[in-house]
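Q: what follows is a predicted structure for the sequence shown.
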Amino acid sequence: MKRVLLTGATGLIGGAVLHHALEREDAAEWVCLVRCTSIEQGRQRVAARLGRFTDPFTAQRLARKVEIVPGDFTRADLDMDPRLDGVTHILHLAADTSWWGDERVNRTNHDGTLALARRARAMPGLQRFLHVGTAMICGAKAPRHVQEAAYPADDAQHLVAYTVSKAAAETSLAEHFCDLPIVVARPSIVVGHSTLGAAPSSSILWVVRAADRLRMLPCAPESSVDIVPSDWVAATLHGLLFKPHLAHRLYHVSGGASASTSWGDLMQAFEAAEPSDGIREFTRFDLADRATLRTRFAQVFGLDGSLKQAMLRATRAYYAFCALDLSFDNTRLLSEGFAPPPSLPDYLPACLANSGEIVDQFADDLEMFTPPAPSVSVALTARA
Ligand SMILES: NC(=O)c1ccc[n+]([C@@H]2O[C@H](COP(=O)([O-])OP(=O)(O)OC[C@H]3O[C@@H](n4cnc5c(N)ncnc54)[C@H](OP(=O)(O)O)[C@@H]3O)[C@@H](O)[C@H]2O)c1
C-alpha cells in the first residue's frame with residue numbers, strides 16, 4: 001500500500017493534487033500535514049480547498065478519505081508521530097510563497113525543507129521524496145530556453161527572496177541528503193484550470209488580465225511566457241510521484257517550447273474571447289519608468305485604497321517576470337510519457353467565463369505581496 005505524506009494540501013497546487021488523487025481513487029493513503037488546532041479543523045481546511053474543485057458535499061466526502069496530521073513541516077524533524085513512520089512517498093509542496101519576505105521565507109523554504117528531509121530519514125519504506133521547487137530559480141539573466149541542469153546557479157540574478165530560498169533548498173537537499181530518494185519538480189507559472197477556469201484560483205490570472213486591460217507590456221509581443229494550468233500540474237506531479245522509474249532526478253513541469261505562449265498570441269486570445277473590449281493595441285514601456293505605469297494604472301483601475309496600491313506594486317513585480325522572455329525545457333518530462341499541457345490561449349475562455357473583477361481576483365494573491373519589515377533589499381520592493 002502506498003502511503004503519501006502531502007505538505008501544502010490547503011494551497012493551490014496541493015489542493016489540485018489531492019482532488020486529482022482522491023477523485024480517481026488512486027489506492028494510496030493520503031496523509032496531509034496541515035497547520036491546524038485539531039484534526040477536525042484541519043479536515044475542514046482541506047475540505048474548503050477541495051471545495052474549489054467540486055461541490056461542498058463531494059469536498060466533505062473526499063476530505064473524509066484523508067488522514068490529517070496537525071503540524072508544521074518546518075518542525076517535522078521533531079515530530080515523532082508514528083503515523084509518519086510508514087510513509088512511502090512524500091510530496092512536498094508547502095512553502096512560503098510570499099515574494100517580499102526575507103529571513104522568514106528562507107527559514108520556511110530552506111530550513112523547513114531540510115527539517116522535513118531529516119524526518120524522512122526515519123521513514124524506512126520511503127520510495128520517493130518529490131520536492132517541488134520553482135523553475136524561476138533561474139533568475140533574470142537566464143537563456144531564453146532554460147534547461148533543468150543549469151540551475152541552481154551561484155550567479156543567478158534573483159528578482160525576489162522567494163526564489164533565492166527555493167534555490168537554496170534544492171542546493172542543500174542535493175548536498176546533504178543524497179541518501180534520500182529525492183526527485184525535484186519545478187513548475188513554471190501556474191494559472192487557472194483548463195476546464196474550471198478561475199474557480200479553483202485566480203492567482204496570477206489577474207496579472208494577465210491586468211496586462212490586457214492596461215494595454216501595456218514591458219517586453220516585445222513576441223516574448224514568451226511559460227504558463228501551465230493547475231489541473232495539468234496536479235496530474236503531472238501525481239505521475240512523477242508514483243512512476244516507478246524515472247530517468248532523471250530533476251524535471252521542469254512546464255510548457256516548454258511548444259506550449260509556452262507569446263504575449264502577442266495571448267492578447268489575440270483576449271481579443272477573441274472578449275471582443276466587446278475592443279481591438280488590442282499595446283504600448284511597450286520601460287519598467288524603470290515607474291510614472292508611466294502608475295498613471296495608466298490609475299486611469300484604468302484607480303488608485304484609491306490600499307488594495308489597489310498593493311495591486312500596482314504586484315503588477316510591477318510580475319511585469320518584471322513577464323518581461324524575462326523565458327520558456328522552460330520540458331523534454332525530460334515528455335520523454336517520460338507525460339502529456340504536454342494546453343497553452344493558456346487554449347483555456348483562456350474557460351478562465352474568463354467565471355472571472356469577476358480583476359481587483360477582486362488580485363485579493364487571491366494579496367498575501368504574497370504583503371510587505372514584511374522594511375529590511376528587504378530586493379530590487380522590486382521599492383514603493384510603487
Ligand atoms: N503557484 C505557482 O505558480 C508555482 C509555480 C512554481 C512553483 N510553485 C511551488 O509550488 C508549491 C506550492 O505552491 P502553491 O502556489 O500551491 O502555494 P500556496 O497556495 O501559497 O500554498 C502554500 C501551502 O504551504 C503551506 N504551508 C506554508 N508554510 C507551512 C508550514 N510551515 N507548515 C505546513 N504547511 C505550510 C500552506 O499552508 P497554510 O494554508 O496553513 O498557510 C499552504 O498549504 C510551492 O513550493 C511553490 O514554490 C508554485
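A: Perfect, thanks for sending it.
Q: buried stuff in whichever strand or helix holds Phe362?
A: Secondary-structure element containing Phe362, defined by DSSP states H and E: helix 358-362. Buried residues in helix 358-362, counted by 16 or more other Cβ atoms under 10 Å: Ile358, Gln361, Phe362. For the C-beta atoms, the positions are set from N, CA and C on the backbone; glycine is no exception.
Q: how far away is Ala95 from Thr108?
A: According to Cβ to Cβ, to the nearest Å, Ala95 and Thr108 sit 7 Å apart.
Q: shaky segments in the stretch 151-300 of the chain?
A: The stretch 151-300 of the chain contains no residues with pLDDT under 70.
Q: around the ligand, pick out the residues from it.
A: Lys166, Pro187, Ile189, Val190 (Cβ under 6 Å from any ligand atom).
Q: neighbour-wise, which one of the residues you listed leads?
A: Counting neighbours by other Cβ atoms under 10 Å, the top entry in those is Lys166, with 29 neighbours.
Q: nearest spatial neighbour of Arg209, skipping sequence neighbours?
A: Once flanking residues are discounted, Arg209 sits nearest to Ile358: 4.9 Å by Cβ to Cβ, 6 or more residues apart in numbering.
Q: run a quick check on the one you found versus Asp212, I expect a contact.
A: No. With contact defined as Cβ atoms under 8 Å, Ile358 does not reach Asp212; the gap is 9.2 Å.
Q: still on that earlier bit, Throw the residues of the stretch 151-300 of the chain next to the ligand into TSV and include secondary structure and distance to Tyr151, thanks.
A: Output for these, formatted as TSV (DSSP: H, G, I helix; E, B strand; the rest coil; distance: Cβ to Cβ, whole Å):
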residue	secondary structure	distance to Tyr151
Lys166	helix	10
Pro187	strand	14
Ile189	strand	16
Val190	strand	18
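Q: so what's the closest residue to Val228 other than its chain neighbours up against?
A: Once flanking residues are discounted, Val228 sits nearest to Pro341: 4.5 Å by Cβ to Cβ, 6+ apart. Residues in contact with Pro341 (Cβ atoms under 8 Å, 6 or more residues apart in numbering) are Val228, Pro229, Trp232, Val233, Thr236, Ser254, Gly255, Ala259.
Q: can you flag which of these belong to helices?
A: Trp232, Val233, Thr236, Ala259 (DSSP state H).
Q: so what does the strand or helix carrying Leu293 touch, helix or strand wise?
A: Assigned by DSSP H and E, Leu293 falls within helix 290-300. Packing partners of helix 290-300 (3 or more Cβ pairs under 8 Å, 6 or more residues apart in numbering; DSSP states H and E): helix 205-214, strand 216-217, helix 306-322.
Q: need these in CSV with distance to Arg144 and mean neighbour count, can you?
A: Below are the helices and strands packed on helix 290-300 laid out as CSV (distance: least, Cβ to Cβ, whole Å; neighbours: other Cβ atoms under 10 Å):
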stretch, distance to Arg144, mean neighbour count
helix 205-214, 20, 23
strand 216-217, 17, 20
helix 306-322, 14, 19
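Q: and these: which comes nearest Asp179?
A: For the helices and strands packed on helix 290-300, the distance to Asp179 is smallest for helix 306-322, at 35.0 Å, taking Cβ to Cβ.
Q: just the angle between the closest one and helix 290-300, please?
A: Inter-element angle recorded for helix 306-322 and helix 290-300: 130 degrees (by axes from the mean of the first three to the mean of the last three Cα atoms, to 10 degrees).
Q: outside of the helix or strand following helix 306-322, which residues touch it?
A: Using DSSP H and E, the next helix or strand after helix 306-322 towards the C-terminus is strand 327-328. Strand 327-328 has contacts (Cβ under 8 Å, 6+ apart) with 135, 138, 144-146, 148, 186, 188, 224, 226, 252, 254-257, 260.
Q: repeat for stretch 344-362
A: Outside stretch 344-362, the residues within contact range by Cβ under 8 Å, 6+ apart are 191-199, 202, 205-206, 208-210, 213, 227, 229, 261, 265-266, 268-270, 273-274, 301, 307-308, 310-311, 314.
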